[in-house]
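**Q** sharing a model that was predicted from the sequence below.
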Amino acid sequence: MLPEEKTVISLKNKGLKIAVAESCTGGLISKRITDVPGASDVFDMGIVSYANEIKNRFLGVSEDILSTVAAVSEETAAAMAKGVCEAANADIGVSTTGIAGPGGGTKEKPVGLVYISVFFKNGRQTVKKLLLSGSREEIRSKTATTVFETVLSELQLSEKDV
């Protein structure tokens, strides 16, 4: 069973809703969720926010964060996940921001650097830094899979918290 199928089933069984804010994955996580029959029971909203203006206006990522640590950062991933959770009135918000390549990387922020975050409406949050390799599509696919695996892991850890 695919990780997105396991995630949708787990969310359904727990009566939870998830919302997604994606930058480097460009809608791939939302697509993989909606590929699963019955996803509408657990998924109301996904936002692809490539531009900083969208991250700020629709997800509540502060201009201060975007101007100091930039879009590809732990702080931005955390703010995006919280922002989409609140905007959708969901139980869980997830986010991705990173550099999928093949260009755009620097010595400090190389291609394959991705941050993901899982935010629970009770305030608990996880942020992970990934250093991935491969083509643009491989980096995006690995990121999406890691998001699903992280959500499943966090759901198991927080059975009583959510």
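**A** Perfect, I can see it now.

**Q** grab the most central residue of the chain for me.
**A** In the chain, the centroid-proximal residue (Cα atoms, centre = their mean) is Ser95; its distance is 2.1 Å.

**Q** what strand or helix carries that one?
**A** Assigned by DSSP states H and E, Ser95 belongs to strand 92-98.

**Q** check Ile47 too.
**A** Counting by DSSP H and E, Ile47 is found in strand 43-48.

**Q** convert that strand to CSV, retaining C-alpha atoms only.
**A** Coordinates of each C-alpha in strand 43-48 appear next as CSV, following Å, rounded to 0.1, in the frame of the first residue of the first chain:
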residue,chain,number,x,y,z
PHE,A,43,-8.7,16.8,2.5
ASP,A,44,-10.3,20.2,1.9
MET,A,45,-7.4,22.4,0.8
GLY,A,46,-4.0,22.6,-0.7
ILE,A,47,-2.0,25.7,-1.6
VAL,A,48,1.0,25.9,-4.0
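
**Q** could you check the angle that strand makes with strand 92-98?
**A** Orientation check (axes from the mean of the first three to the mean of the last three Cα atoms, to 10 degrees): strand 43-48 against strand 92-98 gives 20 degrees.

**Q** just the buried positions in stretch 32-47, please.
**A** Residues of stretch 32-47 classed as buried by neighbour count (16 or more other Cβ atoms under 10 Å): Arg32, Ile33, Val36, Ala39, Val42, Phe43, Met45, Gly46, Ile47. Heads up, the C-betas are built off the backbone N, CA and C, glycines and all.

**Q** please apply the same query to stretch 82-102.
**A** Buried-residue list, stretch 82-102, by 16+ other Cβ under 10 Å: 82-85, 87-88, 90-101.

**Q** ok, which stretches of this structure are helices?
**A** 3-14, 28-34, 52-59, 63-68, 74-88, 136-157 (DSSP state H).
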